[in-house]
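1. Fold the following.
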Amino acid sequence: MSQKPKIPLHVVTFKFENSFDKVHACLRLYAEATNIKAGYVHIRPRMVDVLTFYILYGYSRETKKKILETTGFTKENLNQINSELTKKGYLRMDSRNYRIKHLSPAVQGLKDFFDSSEDIEKSLFAFSLKREE
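-> Numbers count the residues shown, from 1 in each chain. Down below sits the predicted model:
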């Protein structure tokens, strides 16, 4: 009887107080991995802050208002961050209304992960390491 090969696993446990902290911590890790892969700062910390709100509450006028109230960003700062998120492919413009944006499939996948994790303490957020060929 053959055994499946064991996959080396290193686990770091993060503690969080609420869903915002949980999503924000995972997005910071995701951003750092993306930045390493790109070889430059592709996702800045303020972009992580804004994406955290969009993953938790969706892209809407109410969410943007909540971001402004919570972070202290100016409306111009938020517009700039949204523009950058759109240019980098994390937000997508609506096909019928340019003022409406949607999460990209990759970010929507992260949102779905967090939404579907009923017992988040038993969830695993993993990165795969591959040697370049």
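2. Which stretches in the protein count as helices?
-> 19-38, 45-57, 61-71, 75-87, 105-116 (DSSP state H).
3. out of everything not next to it in sequence, what's closest to the most centrally placed residue in the chain?
-> By Cα atoms, centre = their mean, the chain has its centre lying nearest to residue 27, at 4.2 Å. Nearest non-adjacent residue to residue 27, counting by Cβ to Cβ, 6 or more residues apart in numbering: residue 48, 4.9 Å away. (Each C-beta comes from the backbone N, C-alpha and C, glycine too.)
4. From residue 23, how far off is the one you found?
-> Distance, residue 48 to residue 23, using Cβ to Cβ, to the nearest Å: 10 Å.
5. same thing with residue 88?
-> Taking Cβ to Cβ, one finds residue 88 at 19 Å from residue 23.
6. Pull the contacting residues for residue 81.
-> 46-47, 50, 73 (Cβ atoms under 8 Å, 6 or more residues apart in numbering).
7. Can you get me a residue count around the closest residue in space to it that isn't next to it in sequence?
-> Sequence neighbours aside, residue 50 is the residue nearest to residue 81 in space, at 5.1 Å (criterion: Cβ to Cβ, 6+ apart). For residue 50, the neighbour count with other Cβ atoms under 10 Å is 26.
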